[in-house]
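[1] Provided below are the primary sequence and the corresponding predicted coordinates.
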Amino acid sequence: MTSSADGVLTTHTGSLPRPSELAELMVARETGTADGESLARLPGLVRAATQHVLQRQAEVGIDVGSDGEQGKIGYATYVKERMSGFDGEAGALSLADLDDYPEITAQALDGLVTATPSCTGPVRYTGGEDLSQELKELRAAVDAAGDAAPSEVVVTAASPGVIAIYLADQHYGSHEAYLGALAEAMRTEYEAIVEAGFVLQIDCPDLAMGRHAQYADATVDEFRHAIAGHIEALNAATAGIDPNRMRMHLCWGNYESPHHRDVDLIDIVDIVMTGRPRGVLMEAANPRHAHEWQVFEQYPLPEDKILIPGVIDTCSNYIEHPQLVAERIARYARTVGVERVIAGTDCGFSTFASFLPVHPRIAWAKLSSLTEGARRATEQLRASARSARVGENA
């Protein structure tokens, strides 16, 4: 997990649009409507889609890419396929901002299909063989692509806390016990990703979205106490992993809605930064959080952290102008130092297989704007540095 003092590197949050045939088949599998012949085609479709997104990321100039989560039905709910204990009926996910404006719920969540069974038994990681095969195939795809692949590749995994949001507990009886079991089970996946030579990204919407998804009626102090426990579980699960090989994603929910119930970054940033991963991705482009670069004028970024602010909105079909992207990057670079900033996206472009807030072609255009904006920001920051040196020597 590296940045560069020579220029602003680029990355994104993980998921990328899947080909329509793959997405449709994954939904059919999720809903139990796929036949055996169709399911037999699924591994080949995932392999081809992964190879394609690796190549496309390199073509648009992404430095730190991913497998695009092509084989996952959803960034968090995929875990039910890799762990035992999830045989209960689906729980209901409530989002307080949509509860306040129910007339837009269907629009905000259009296309989102994923099963969310409750936990009804002991959680155990049972998908080790499938995970090993997936990582071997990804390594082979990266090696085969050679220069036609990002220089570094991230594999995403769900945090214990976000799993608890989507897959409700009906077995352990206490949130702390459930969280601990999830952390112990996910340790297997976290360590395997790093051992395979990839950067581990832990997706942690529970640390922000959890405020209006689980704790809407709690005080800010109560929510802070809760997420401190989530960080403790995450840190325990990653205790054996070098922080330099990890990054974590802070997210308020990748859906277009009022987001007026979002917790302010300033209220949670100190707790978030106690997480072990070195890189911290956060939403910073959308209208609710674009101002929060100012937080780091009040709260100095810890010395052991790299900041990966989203400078591209992943809920809007506007293609950001590269100059705006450059301005957003420069704000963070001037606040925490260019060597501690990587330019990213607010969230993924397809956090669930069938959920596409941004049209696939536009998603790739946005990534192109990201890399051009980073190039401009690099030039502008270098020019500013040269001017400052001239002024010092005058």
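    Alright, I've got the coordinates. Small disclaimer: the values here were computed from a predicted structure and weren't measured.

[2] which residues touch the residue nearest to Gln214 when sequence neighbours are not counted?
    Closest residue to Gln214 apart from its sequence neighbours, by C-beta to C-beta, 6 or more residues apart in numbering: Ile165 at 6.0 Å. To be clear about C-beta, it is placed using only N, CA and C from the backbone, and glycine gets the same treatment. Contact analysis of Ile165 by C-beta atoms under 8 Å, 6 or more residues apart in numbering lists Ala76, Leu93, Pro205, Asp206, Met209, Gly210, Ala213, Gln214.

[3] looking at Ile165 now. What's its pLDDT?
    On pLDDT, Ile165 comes in at 96.

[4] host element of it?
    helix 160-166 (DSSP states H and E).

[5] mind listing what's buried in the helix or strand following that helix?
    Where DSSP H and E defines the elements, the next helix or strand beyond helix 160-166 is helix 175-195. Going by neighbour count (16 or more other C-beta atoms under 10 Å), the buried part of helix 175-195 is 178-194.

[6] do the same with stretch 33-44
    In stretch 33-44, counting by 16+ other C-beta under 10 Å, buried: Ala34, Leu42.

[7] pLDDT on it, on average?
    Here the average pLDDT along stretch 33-44 is 94.

[8] which residues are contacting it?
    Leu22, Leu25, Met26, Ala28, Arg29.

[9] chain center to that stretch, what's the gap?
    28 Å (C-alpha atoms, centre = their mean, to the nearest Å).

[10] please apply the same query to stretch 252-268.
    15 Å.

[11] if we can go back for a sec, buried among the contacts of stretch 33-44? Make that a PyMOL selection.
    Buried residues among the contacts of stretch 33-44 (16+ other C-beta under 10 Å), as a PyMOL selection:
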select buried, resi 22+25+26+28+29
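
[12] buried sites along the helix holding Ile165?
    Pro160, Gly161, Val162, Ile163, Ala164, Ile165, Tyr166.

[13] can you check the pLDDT for the closest residue in space to Tyr299 that isn't next to it in sequence?
    Take Tyr299 and drop its neighbours on the chain: the residue closest to it by C-beta to C-beta, 6+ apart is Val269, 5.3 Å away. At Val269, the model reports a pLDDT of 98.

[14] quick one: the helices in the chain?
    Secondary structure of the chain (DSSP state H): helices at 20-31, 36-40, 42-60, 96-100, 105-108, 128-145, 160-166, 175-195, 210-213, 220-237, 269-272, 295-298, 322-336, 360-393.

[15] could you export those as TSV, including distance to Glu89?
    Output for the helices of the chain, formatted as TSV (distance: least, C-beta to C-beta, whole Å):
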stretch	distance to Glu89
helix 20-31	15
helix 36-40	24
helix 42-60	26
helix 96-100	21
helix 105-108	21
helix 128-145	25
helix 160-166	14
helix 175-195	17
helix 210-213	19
helix 220-237	25
helix 269-272	33
helix 295-298	40
helix 322-336	43
helix 360-393	33
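
[16] what's the closest of the ones you listed to Gly68?
    Ranking those by proximity to Gly68 (C-beta to C-beta) places helix 42-60 first, at 3.8 Å.

[17] got the CA positions of that closest one in CSV?
    Only the C-alpha atoms of helix 42-60 are listed here, as CSV (Å, rounded to 0.1, in the frame of the first residue of the first chain):
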residue,chain,number,x,y,z
LEU,A,42,-20.4,-19.1,-14.6
PRO,A,43,-16.7,-19.7,-13.8
GLY,A,44,-15.7,-19.1,-17.4
LEU,A,45,-17.7,-15.9,-17.6
VAL,A,46,-16.1,-14.6,-14.3
ARG,A,47,-12.6,-15.4,-15.7
ALA,A,48,-13.2,-13.6,-18.9
ALA,A,49,-14.8,-10.6,-17.2
THR,A,50,-11.9,-10.3,-14.7
GLN,A,51,-9.3,-10.4,-17.5
HIS,A,52,-11.3,-7.7,-19.3
VAL,A,53,-11.5,-5.3,-16.4
LEU,A,54,-7.8,-5.8,-15.6
GLN,A,55,-7.0,-4.7,-19.2
ARG,A,56,-9.4,-1.8,-19.2
GLN,A,57,-8.0,-0.4,-15.9
ALA,A,58,-4.5,-0.4,-17.4
GLU,A,59,-5.8,1.3,-20.5
VAL,A,60,-7.3,4.2,-18.6
